[in-house]
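Novice: turn this into a model:
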Amino acid sequence: MNIIEKKNVTDVLVIGAGASGAAFSWSLAEAGINVICLEQGAEVNPKNYPATKDDWEIYKQTEFHPDPNVRKLSHDYPLNNDETDIIPVMYNAIGGSTIIWMAHFPRLHPSDFKVKSLDGIAEDWPISYEKLEKYYDINDKMVGVSGLNGDTAYPKKSPRTTRPLPLGKLGNKIVKGFNNLGWHWWPSDSAIISEQYDEREECNSAGTCGIGCIRRAKASADVTYWPKALYKGAEIYENCRVREIIVGKDGLATGAEYYDENGNINFQAARIVVLACNGIGTPRLLLNSKSNLFPNGLANSSGLVGKNLMFHPVTSVTGIFDENLESFKGPPACLLYSHQFYETDSSRDFLRGFGFQITRGVGPVSTAIGNFGHEKIPWGTNHRKTFLEHYGHTITIGVHGEDLPEEHNQITLDPYLHDSDGIPAPKINYKLGDNSKSLLKYGNKRAEELLEASGAKNIITNTLAPGENGCHLMGTARMGIKNNKSVVNEYGRSHDVKNMYIIDGSVFVTAGAVNPTSTIQAFALHVADYIKNNSNNIF
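Specialist: Now for the predicted structure:
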């Protein structure tokens, strides 16, 4: 098959139009740097989201299902999940997984960047919280973050963009439990605006966040960064499935080969190549980009590409209350959090810690079939009675644990499974570690204690549920100072390929116990600034 070579050579080629690719592209376009982004998905028009339809919950089981093996849309690629305790969650589109994310938006703690120094495990990051603080603040302003300043679990932050999302009856109920126990809690930092902001409508508490936000209150990257990036001259080519990064005889990246929507192979030349494909897509692409110079995969002299895969293992504990708490009202995952058990405590039988993410209830269908931590309502004579005892009457506590990096947890290329263009599919090899098992067991007990203190009449504890908990993909191209212990440096620059950068969650050294998107975008802005400030030398 002939390769169609693009005539233009762009300054920067970004692969992936999700959270990191969008933030990065905007920052460079603002500076007048030519940016082209290749995205294997397509634009999703918010007007076409199913939230206004009576059967909106069904879409969570079909074309908006978080598992691409279930969704099977044309722009998805298959995953071999036979050897993993946790099924990954991801979505391919302009905006990436932020289309279906729940928009809980905490930052990492300062301690997360120096785990080895504090606790003697894993590795320290080559950058600090303080180094990223400026970019956290820029990102918050671009995204629009509802919340409240003053949380003692963090250093002082810039003012939140809009006031906190309402706690409602559910929030007021669980807060009494926290206060009875004397435990830390705080309204969530949420990438969902509670007031009109940046020509976007405020949240109307519909609770349909997981199938896209019609009002654009939820800060998916397609409604925050991309419009501004495109206005400044960035370009997106959609339905482009990249198969390989091409390198020259000098070991520098020259661009990328990709399949377009007609199955033709194209080549896009670039002076700099930037990977923003998530913690599975990035190592997949690197491992598939073999050459005489890089027989074990691109940028893999350390042997660490694909290794140290980290998720955030999550269990849930649900309390059923006599009162109707109207728990179906509002963004499901953006209520409040607790970092009471976030740091290592020598009296416990595990290292590091976990956060509590207090979540709202779900819609009637999800309640009936037992989604999102709820038990399935049995069919039969008492179905209606039991359903009404649950619907609107629940509070769910997500025990959100820190995952430790382990080399045997990794992404490899499957020798048999391929996508529709013949590119090898990723195989996920992941086993939940003993530390995580102990952490989750302890967290479940504390969650049960909290719900009892809040007045729950019945408590349902759910152990790890594969298929619902792999939404955070980290660590598979980690950053570091030494090239034999990491894939990229503190600016996301490959140790092996000097004009290639990685800006997604692959670069995380450790996982922390909070959702990573805020940090991923802050890091992408940090890398963009490095390239802008050193453009004369880099280009």
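Novice: quick one: buried residues of the helix or strand bottoming out on mean pLDDT in the chain?
Specialist: Within the chain, confidence by mean pLDDT, DSSP states H and E is lowest for helix 535-538 among all helices and strands, at a mean of 79. If you call a residue buried by 16 or more other Cβ atoms under 10 Å, then helix 535-538 has these buried ones: Ile538. Where you see a C-beta, it was placed from the backbone N, CA and C, and this is true even at glycine.
Novice: run through who's touching that helix.
Specialist: With contacts defined as Cβ atoms under 8 Å, 6 or more residues apart in numbering, helix 535-538 is touched by 31, 33, 272, 499, 531.
Novice: so where's the stretch 251-400 of the chain shaky on pLDDT?
Specialist: Counting by pLDDT under 70, the stretch 251-400 of the chain has low-confidence residues at 371-374.
Novice: which stretches of it form strands?
Specialist: Assigned strands in the stretch 251-400 of the chain, in chain order: 253-259, 265-275, 314-320, 336-338, 354-359, 394-401 (criterion: DSSP state E, counting those that start in this stretch).
Novice: now, of the contacts of helix 535-538, which are buried?
Specialist: Members of these that pass the buried threshold by neighbour count (16+ other Cβ under 10 Å) are listed as 33, 272, 499, 531.
Novice: between the residues you listed, which is nearest Leu165?
Specialist: The shortest separation between Leu165 and any of the buried ones among the contacts of helix 535-538 is 35.4 Å, and it belongs to Ile531 (by Cβ to Cβ).
Novice: from the chain's centroid, how far away is the host helix or strand of that closest one?
Specialist: Here Ile531, judged by DSSP states H and E, is contained in helix 517-533. Mean C-alpha position of helix 517-533 versus that of the full chain (Cα atoms, centre = their mean, to the nearest Å) differs by 16 Å.
Novice: and the closest residue to Tyr391 other than its chain neighbours, what does it touch?
Specialist: Computed as Cβ to Cβ, 6 or more residues apart in numbering, the closest residue to Tyr391 that is not its neighbour in sequence is Thr367, at 4.8 Å. Neighbour list for Thr367: 361, 374, 377, 387, 390-391 [criterion: Cβ under 8 Å, 6+ apart].
Novice: quick one: the least confident helix or strand of the chain to chain centroid distance?
Specialist: Relative to the mean C-alpha coordinate of its chain, helix 535-538 is positioned 31 Å out (Cα atoms, centre = their mean).
Novice: equivalent analysis for stretch 455-465, please.
Specialist: Taking the mean of its C-alpha atoms, stretch 455-465 sits 25 Å from the chain's own mean (Cα atoms, centre = their mean).
Novice: report how many residues lie close to Glu30.
Specialist: By the other Cβ atoms under 10 Å criterion, the neighbourhood of Glu30 contains 16 residues.
Novice: quick check: closest non-adjacent residue to it.
Specialist: With sequence-adjacent residues excluded and distances taken as Cβ to Cβ, 6+ apart, Glu30 is closest to Lys232, at 5.4 Å.
Novice: show me what contacts that neighbour?
Specialist: Taking Cβ under 8 Å, 6+ apart as the definition of contact, the neighbours of Lys232 are 26, 29-30, 32.
Novice: repeat for Glu326
Specialist: With contacts defined as Cβ under 8 Å, 6+ apart, the neighbours of Glu326 are 168-170, 392.
Novice: how about 6 Å then?
Specialist: Residues counted as contacts of Glu326 (Cβ atoms under 6 Å, 6 or more residues apart in numbering) are 169, 392.
Novice: then the one 4 residues further on?
Specialist: Under the criterion of Cβ under 6 Å, 6+ apart, the contact partners of Gly330 comprise 205, 360.
Novice: and it, how far is that from Asn515?
Specialist: 17 Å (Cβ to Cβ, to the nearest Å).
Novice: from the contact counts, what lies against whichever helix in the chain runs longest?
Specialist: Using DSSP state H to assign secondary structure, the helix with the most residues in the chain is helix 434-454. Other helices and strands packing on helix 434-454, by 3 or more Cβ pairs under 6 Å, 6 or more residues apart in numbering; DSSP states H and E, are helix 168-181, strand 314-320, strand 394-401, strand 458-462.
Novice: take those and write them to JSON lines, including distance to Pro424 and mean neighbour count.
Specialist: Output for these, formatted as JSON lines (distance: least, Cβ to Cβ, whole Å; neighbours: other Cβ atoms under 10 Å):
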{"stretch": "helix 168-181", "distance to Pro424": "45", "mean neighbour count": "18"}
{"stretch": "strand 314-320", "distance to Pro424": "29", "mean neighbour count": "23"}
{"stretch": "strand 394-401", "distance to Pro424": "31", "mean neighbour count": "27"}
{"stretch": "strand 458-462", "distance to Pro424": "34", "mean neighbour count": "17"}
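Novice: export these to JSON lines and tack on distance to His109?
Specialist: Output for these, formatted as JSON lines (distance: least, Cβ to Cβ, whole Å):
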{"stretch": "helix 168-181", "distance to His109": "19"}
{"stretch": "strand 314-320", "distance to His109": "18"}
{"stretch": "strand 394-401", "distance to His109": "13"}
{"stretch": "strand 458-462", "distance to His109": "26"}
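Novice: which residues touch the nearest residue to Glu490 once chain neighbours are set aside?
Specialist: For Glu490, ignoring the flanking residues on the chain, the nearest one in space by Cβ to Cβ, 6+ apart is Pro126 at 3.9 Å. For Pro126, the contacting residues are 479-481, 490, by Cβ under 6 Å, 6+ apart.
Novice: so what pLDDT did Pro126 get?
Specialist: Listed pLDDT for Pro126 reads 98.
Novice: now it: how far from Phe341?
Specialist: The spacing between Pro126 and Phe341, counted by Cβ to Cβ, is 27 Å.
Novice: count the residues that sit near the residue nearest to Phe294 when sequence neighbours are not counted.
Specialist: Using Cβ to Cβ, 6+ apart and skipping the chain neighbours, the partner closest in space to Phe294 is Asn300 (6.5 Å). Here the number of neighbours of Asn300 (other Cβ under 10 Å) works out to 22.
Novice: over to Lys385?
Specialist: The number of residues packed around Lys385, counting by other Cβ under 10 Å, is 9.
Novice: show me the contacts for it.
Specialist: When contacts are counted by Cβ under 6 Å, 6+ apart, Lys385 is found next to no other residue.
Novice: quick one: it and Ile377, what's the gap?
Specialist: Remark: distance between Lys385 and Ile377 (Cβ to Cβ) = 10 Å.
Novice: then Ser158?
Specialist: Counting by Cβ to Cβ, the separation of Ser158 from Ile377 is 44 Å.
Novice: got it, and Thr510?
Specialist: When distance is defined by Cβ to Cβ, Thr510 is 39 Å away from Ile377.
Novice: go on, Ile87?
Specialist: Taking Cβ to Cβ as the measure, Ile87 falls 24 Å from Ile377.
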